[in-house]
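A.B. asks: based on what follows, work out the 3D shape:
(one chain, ligands or ions: 1)
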Amino acid sequence: METVVSGIRPTGNLHLGNYFGALRNFIQMQNEHNCYFFIADYHSLTTHPTPQDLHGNVKQILVEYLAAGLDPEKATLYIQSDVPETAELYLFLNMNAYIGELERCTSFKDKIRQQPQNVNAGLLTYPTLMAADIIIHRATKVPVGKDQEQHLEMTRTFGNRFNRMYNVDYFPEPQAFNFGQQLVKIPGLNGSGKMGKSEGEGNAIYLADEPEAIRKKVMKAVTDSGPTEPNQEKPEVIQNIFQLMKVVSSDETFNYFDEQYNKCQIRYGDMKKQLAEDMITFTAPFREQIKAYLSDEAYISRVAAMGREKARESASKTLREVREIIGFKSF
Ligand code: TRP
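C.D. replies: Numbering: from 1, shown residues only. As a prediction, the model looks like this:
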């Protein structure tokens, strides 16, 4: 059994791309491993320090992950700022993180370009905070995508540096959990190859979307003027619509429209109507759960308390040991 850690940024709502990507893997992992999943609200301060939104965003994302199937009885599901030991470990790691290596980090360079008016120290030390998140539970596995590989490499560097500096073998080296081909790629609706919140208006279907919003977005999905020859290869925008149908509709429905396409009799309007209805059916249980949890403050606070307690138990043990290794002693 591995100890798994992953952080979730509290930005935006969950869409079908998230669901078929990382989320389904989290749901599977929680059955097999000792998992810590947390909402990275400290991290969000590096870009988004707006007190009016912070709590609501954290609540929304917590509720959506619960609705999608994360189980607080199986995984430790917590909010980063509920575990202030994280901040203390971050401080220790920062003492041995070098400006040069932090400045070379690709995500930092990207951020400088994106927010030149706010190049704060938190942005520079984002990788040490992320390292603290991971090694605070002495995790061995981190389920992250390619874009986080460099951060994970830095985590190993910081952990190893600590071990070397104090001549201990305390922090294990965390490795990426790689899902490779298992990931189902979910295309967007506006012709872009990938569903995502930054891919433009109307591109993503969110788990919390109301039926009317889903119908609108699907009916606007990009298509072409239709096939002119039987069994013609599908251009990318059409393949995208079929791929979406593959994940939310029945095989019969998929095969029916596939045949219509091959016979050059396809009516995209009909296909999209069907796709919209099937998406509404597919997302219905999530939508209902999200609503139910959002109005159940008592349940949310019970979940948060449970996560906080389990996460702090693990984190405070690490900090106790780390303080001792560093040489802090109380008088
Ligand atoms: N940096 C991650 C992202 O942008 C979020 C994150 C923060 C994280 N701390 C983490 C992921 C620890 C894995 C482990 O998605």
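A.B. asks: shaky segments in the stretch 201-331 of the chain?
C.D. replies: For the stretch 201-331 of the chain, no stretch is flagged by pLDDT under 70.
A.B. asks: which parts of it are helices?
C.D. replies: Using DSSP state H, counting those that start in this stretch, the helices of the stretch 201-331 of the chain run over residues 211-219, 236-248, 251-262, 268-294, 297-326.
A.B. asks: also the stretch 51-200 of the chain?
C.D. replies: 51-68, 85-94, 99-103, 106-114, 121-124, 126-135, 149-165.
A.B. asks: so for the fourth one, mean pLDDT?
C.D. replies: Put plainly, it is helix 106-114. The pLDDT scores in helix 106-114 average 96.
A.B. asks: in it, what counts as buried?
C.D. replies: Within helix 106-114, the residues scored as buried using 16 or more other CB atoms under 10 Å are 108, 111. Where C-beta positions appear, they are placed from N, C-alpha and C, glycine not excepted.
A.B. asks: residues in this structure within reach of the ligand, list them.
C.D. replies: The chain comes close to the ligand at residues 5-7, 9, 40, 43, 130, 133-134, 142, 144, 148, 151, as judged by CB under 6 Å from any ligand atom.
A.B. asks: do that again at 8 Å, thanks
C.D. replies: 5-9, 38, 40, 43, 80, 107, 126, 129-130, 133-134, 142-145, 147-148, 151-152 (CB under 8 Å from any ligand atom).
A.B. asks: who's in contact with the residue in the stretch 151-300 of the chain that the ligand sits nearest to?
C.D. replies: Residue nearest to the ligand within the stretch 151-300 of the chain (CB to the nearest ligand atom): residue 151, separated by 5.9 Å. Each residue near residue 151 by CB atoms under 8 Å, 6 or more residues apart in numbering is listed here: 105, 107, 126, 127, 130, 131, 144.
A.B. asks: of those residues, which is the nearest to residue 331?
C.D. replies: Distance to residue 331, by CB to CB, is smallest for residue 131 among the contacts of residue 151, at 30.3 Å.
A.B. asks: number of nearby residues for the closest one?
C.D. replies: Using other CB atoms under 10 Å, residue 131 has 27 other residues around it.
A.B. asks: quick check: closest non-adjacent residue to it.
C.D. replies: Nearest non-adjacent residue to residue 131, counting by CB to CB, 6 or more residues apart in numbering: residue 155, 4.0 Å away.
A.B. asks: test my guess that the one you found contacts residue 136.
C.D. replies: No: here residue 155 lies out of contact with residue 136, judged by CB atoms under 8 Å, at a distance of 11.0 Å.
A.B. asks: and the residue of the chain that's closest to the ligand?
C.D. replies: residue 7 (2.8 Å).
A.B. asks: any idea how far residue 21 is from residue 226?
C.D. replies: 31 Å (CB to CB, to the nearest Å).
A.B. asks: so which of these two has more stuff around it?
C.D. replies: Taking residue 21 and residue 226 together and counting by other CB under 10 Å, residue 21 has the greater number of neighbours (20 against 13).
A.B. asks: close enough to count as contact, that one and residue 186?
C.D. replies: Yes: judged on CB under 8 Å, residue 21 makes contact with residue 186 at a distance of 7.2 Å.
A.B. asks: can you put the contacts of residue 151 in TSV and add distance to residue 273?
C.D. replies: Below are those laid out as TSV (distance: CB to CB, whole Å):
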residue	distance to residue 273
105	47
107	42
126	45
127	47
130	44
131	49
144	38
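A.B. asks: for PyMOL, write the select line for the buried members of those.
C.D. replies: PyMOL command restricting the contacts of residue 151 to the buried ones, with burial defined by 16+ other CB under 10 Å:
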select buried, resi 105+126+127+130+131+144
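A.B. asks: which two of the contacts of residue 151 have the greatest separation?
C.D. replies: Maximum pairwise distance in those, criterion CB to CB, is 14.8 Å, between 105 and 144.
A.B. asks: which intervals of the stretch 51-200 of the chain have sub-threshold pLDDT?
C.D. replies: Scanning the stretch 51-200 of the chain for pLDDT under 70 picks out 179-183.
A.B. asks: quick check: phi and psi at residue 35.
C.D. replies: Reported as degrees, to the nearest 10, the phi and psi values for residue 35 are phi -100, psi 140.
A.B. asks: what bridges to it?
C.D. replies: As for beta bridges, residue 35 partners with residue 4 under DSSP bridges.
A.B. asks: so what's the residue count around it?
C.D. replies: 24.
A.B. asks: separation between it and residue 137?
C.D. replies: Counting by CB to CB, the gap from residue 35 to residue 137 is 10 Å.
A.B. asks: and for those two, which residues touch both?
C.D. replies: Both residue 35 and residue 137 are in contact with residue 5, where contact means CB under 8 Å, 6+ apart.
A.B. asks: host element of the residue of the chain closest to the ligand?
C.D. replies: Per DSSP states H and E: residue 7 is located in strand 3-8.
A.B. asks: okay, the angle between that strand and helix 51-68?
C.D. replies: Relative orientation of strand 3-8 and helix 51-68, computed by axes from the mean of the first three to the mean of the last three CA atoms, to 10 degrees: 130 degrees.
A.B. asks: around residue 209, how many other residues sit close by?
C.D. replies: Residue 209 has 21 nearby residues by other CB under 10 Å.
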